[in-house]
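Q: got a predicted structure plus its sequence, pasted below:
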Protein chains: 2
Amino acid sequence: MAAVTYELKKVCKQSGARLGVLHTPHGDIETPVFMPVGTQASVKGISPEELKAMDAKIILSNTYHLYLRPGHKLIEEAGGLHKFMNWDRAILTDSGGFQVFSLSKLRKITEEGVHFSSHLDGSKHFLSPEIAMEIQNSLGSDIMMAFDECAPYPSNYEYTRKSMEMTTRWAERCLKAHNNTEKQSLFGIVQGGTFADLRKRSARDLSSLNFPGYAIGGLSVGEPGEIMYQMLEETVPELPADKARYLMGVGSPDYLIQGAIRGIDMFDCVLPTRIGRNGTAMTSQGKIIVRDAKYARDFNPIDPECTCPACQNYSRAYIRHLIKAGEMFGLRLVTIHNLHFLINLMKSIRSAIMNDRLIDFREEFFEKYGYNK
Amino acid sequence: MAAVTYELKKVCKQSGARLGVLHTPHGDIETPVFMPVGTQASVKGISPEELKAMDAKIILSNTYHLYLRPGHKLIEEAGGLHKFMNWDRAILTDSGGFQVFSLSKLRKITEEGVHFSSHLDGSKHFLSPEIAMEIQNSLGSDIMMAFDECAPYPSNYEYTRKSMEMTTRWAERCLKAHNNTEKQSLFGIVQGGTFADLRKRSARDLSSLNFPGYAIGGLSVGEPGEIMYQMLEETVPELPADKARYLMGVGSPDYLIQGAIRGIDMFDCVLPTRIGRNGTAMTSQGKIIVRDAKYARDFNPIDPECTCPACQNYSRAYIRHLIKAGEMFGLRLVTIHNLHFLINLMKSIRSAIMNDRLIDFREEFFEKYGYNK
């Protein structure tokens, strides 16, 4: 029995959306779910208590970052990532693959693995499927991700095919190297760029390896939304129905709804925390830039429909003042609001699936929020 | 009846230290008390809920900063400073005098008031006793401070004498201009530099004006600690026993204890928040620089004797990692700890006064903490 299992509860009659439960060693998680990102063992500016208060059940943390600083062995000495960061709910760690390709310099990719230079100090490092497993075993995350190559967008067919095939071989090596299957589950990552046949093959090949869950990587990397939706429609039917499906790096409201409609169960993204630190808030009426001068004397909350602590206790005028004055607390309030907004959106999505009306919900949401991301 | 009154409960038999209660429109405050500083309507990085959890009963906010940004009229429109920043306990605002002299440029002091340039954008402004009252009346703080000149250290006798005399004349103008005595109380500020006779005269002259409380300003501005203690010993006996005494800008543990011994009831300082943001923590064993490499694998809390949330849930190693990685949450944890440490120190001081052993407590504390600030 895998450490993490997916239980399908219901499929929406208006769409392919699934209501389910992800059972993990650190609690059950209703899906579809959005996972806040705590890159460096902290969701930027936010405490674990605040995450719990907004009903976050699982967060993501980054293997690449933690490997470089403070080092996975230090976190293992601390008793694992949960204890190190005081988070007793579920954690998913990525494999480091995406960051090696997006952040580091001087990388050299071979069948064996990837040589790269740290974005922090230029020091030389090597990551491979085996090392990515060793690191994630040290971290002790509930869900580990296979080490993959995330091909850049756009890439040509041949490059994408070879990269996808290597990612599948790496996935097999990850399965062999993973040595803590009782407490941690390893998800495979579907690649294949924007080529439908490659996506299908990747999904089938990985499915035959019988992972406890599957991610879809290499999307939301610059391609138009329509292409992403098409790739999901080609890929998802190839994945087993009794396993969780995770769309990596996706967190805008439209993508969350559209992803759920296409059968995705899990999402993560830095979007709510990153734009929160820029003073941008997602609201029921669309995005607003709280630092804008027009909110200087606006004593309404960020979102009058929102029940988060930021909206219950503070005005746009106050938060704008804090941001203009360089006060950390302002960014914290917008970040709390944005995370609360997305977690609440996922609740609405789950409720819409339960009531077989996710397509209707999408139209109602977009009419208020706007169709932009 | 003044909005804020002081009730003397007991004097320590080992020292001149006083146990008392400050009654304010926003709650009673046991004294001696330390007031965290929320310069720009936010105690840097900390929420009002966190301040309440550490039992903070009163905070200080800065008239100069709020006048420049976002403007006192905006805060008045918001319903006053308490509502604007979601803090329903007591607030003390300074008069802006100290900041005009320490932060702004191009200032010109006349009997009428001070012309100065904003440290933010160089714009020209004028503050006077009347304007400082108007601003603080708009802010709606429980305790307002009279507009004073804080003479630089060192200043010669003649300059200090003239400055102190003008500060007394300004104090009279403040009393006349203050127009909300039912809800706000105005404290006078004793000046006189490091000259005992000037301090005594300032204290006597202000006492004759019958303020509801008295601050001692212009100390802890660079003079040796011994001189500060001497000035307190000369000044405090000249102040009425039935009014609160507030030593401005003092927050190191040694100064808090030494000030209480000399009959001071209130203190404020940016020290715990400022050094917290540099990764320095005050502990029962003295100060530690949490970002130091020697704490990289130290899985103990900042202070093993501390009951604050940072020490209950997080290790030095984790907090060091956060600070090294530039994560806001690390600075927040050290700040919470430092404020909790000082608020707890004040509780210990009050308990020592109650038990007539504040001098003994001082020796015990210094032996563990060290005599450094």
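A: That came through fine. All figures in this text were calculated on a predicted structure; none of them were measured in a lab.
Q: next SSE downstream of the lengthiest helix in chain A?
A: The longest helix of chain A (DSSP state H) is helix A:328-354. Remark: after helix A:328-354, the chain's next helix or strand is helix A:358-369, criterion DSSP states H and E.
Q: that older thread, now the longest helix of chain A: average pLDDT?
A: On average, the pLDDT along helix A:328-354 is 98.
Q: tell me the buried residues in that helix?
A: Under the neighbour-count criterion of 16 or more other C-beta atoms under 10 Å in any protein chain shown, helix A:328-354 has A:328-346, A:349-350, A:352-353 buried. (Glycine included, C-beta is placed from N, CA and C.)
Q: cool, and stretch A:226-241?
A: A:228-232, A:234-236, A:238-239.
Q: centre of the chain to that stretch, how far?
A: 17 Å (C-alpha atoms, centre = their mean, to the nearest Å).
Q: and if you look at stretch A:164-180?
A: In terms of C-alpha atoms, centre = their mean, the centre of stretch A:164-180 is found 21 Å from the chain centre.
Q: one more: stretch A:276-287?
A: Offset of stretch A:276-287 from its chain centre (C-alpha atoms, centre = their mean): 19 Å.
Q: can you show me the CA trace of it as PDB?
A: Included here for stretch A:276-287 are C-alpha records, laid out as PDB according to Å, rounded to 0.1, in the frame of the first residue of the first chain:
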ATOM      1  CA  GLY A 276       0.600  39.600  -3.000                       C
ATOM      2  CA  ARG A 277       4.100  40.900  -2.300                       C
ATOM      3  CA  ASN A 278       3.700  43.300  -5.200                       C
ATOM      4  CA  GLY A 279       0.500  44.500  -3.600                       C
ATOM      5  CA  THR A 280      -1.900  42.900  -6.100                       C
ATOM      6  CA  ALA A 281      -5.000  41.100  -4.800                       C
ATOM      7  CA  MET A 282      -7.300  38.600  -6.400                       C
ATOM      8  CA  THR A 283     -10.900  39.500  -5.500                       C
ATOM      9  CA  SER A 284     -14.400  38.300  -6.400                       C
ATOM     10  CA  GLN A 285     -14.500  41.200  -8.900                       C
ATOM     11  CA  GLY A 286     -11.100  40.500 -10.500                       C
ATOM     12  CA  LYS A 287      -7.600  41.600  -9.600                       C
END
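Q: mind checking which helix or strand the residue of chain A most remote from its centre is in?
A: Most distant residue from the mean C-alpha position of chain A: A:R297, 35.9 Å away (C-alpha atoms, centre = their mean). For A:R297, there is no enclosing helix or strand under DSSP H and E.
Q: try A:M144
A: strand A:143-145.
Q: likewise for A:H23?
A: strand A:18-24.
Q: which other helices and strands does that strand contact?
A: strand A:5-11, strand A:27-31, helix A:328-354 (3 or more C-beta pairs under 8 Å, 6 or more residues apart in numbering or on different chains; DSSP states H and E).
Q: mind putting these in CSV, distance to A:S118 included?
A: Listed next are the helices and strands packed on strand A:18-24 as CSV, based on distance: least, C-beta to C-beta, whole Å:
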stretch, distance to A:S118
strand A:5-11, 35
strand A:27-31, 33
helix A:328-354, 27
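Q: got a markdown table for those, with distance to chain B too?
A: Shown next, in a markdown table, are the helices and strands packed on strand A:18-24 (distance: least, C-beta to the nearest C-beta, whole Å):
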| stretch | distance to chain B |
| --- | --- |
| strand A:5-11 | 30 |
| strand A:27-31 | 18 |
| helix A:328-354 | 4 |
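Q: how about the ones you listed, which one is nearest B:V290?
A: Checking those against B:V290 by C-beta to C-beta gives helix A:328-354 as the closest, at 17.6 Å.
Q: next, the buried residues of the helix or strand bottoming out on mean pLDDT in chain A.
A: Every helix and strand in chain A was compared by mean pLDDT, DSSP states H and E; the lowest is strand A:105-109, with a mean of 84. The neighbour-count check on strand A:105-109 (16+ other C-beta under 10 Å) flags nothing as buried.
Q: for A:R357, which residues are in contact?
A: Neighbour list for A:R357: A:12, A:14 [criterion: C-beta atoms under 8 Å, 6 or more residues apart in numbering or on different chains].
Q: show me which residues of the stretch 251-373 of chain A sit near chain B.
A: A:296-297, A:299, A:313-315, A:317-318, A:320-322, A:324-325, A:327-332 (C-beta under 8 Å from any C-beta of the partner chain).
Q: for the residue sitting nearest the centre point of chain A, give the beta-bridge partners.
A: Centrality entry for chain A: nearest residue to the mean C-alpha point is A:D268, 1.7 Å, by C-alpha atoms, centre = their mean. Beta-bridge partners for A:D268, by DSSP bridges, are A:M35.
Q: doesn't A:M35 make contact with it?
A: Yes: using C-beta atoms under 8 Å, A:D268 is in contact with A:M35, at 4.1 Å.
Q: all strands of the stretch 151-300 of chain A, in order?
A: A:185-190, A:213-216, A:244-247, A:266-268, A:280-283, A:286-289 (DSSP state E, counting those that start in this stretch).
Q: okay, those strands in a markdown table with mean pLDDT next?
A: Formatted as a markdown table, the strands of the stretch 151-300 of chain A follow (pLDDT from 0 to 100):
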| stretch | mean pLDDT |
| --- | --- |
| strand A:185-190 | 98 |
| strand A:213-216 | 98 |
| strand A:244-247 | 98 |
| strand A:266-268 | 98 |
| strand A:280-283 | 97 |
| strand A:286-289 | 96 |
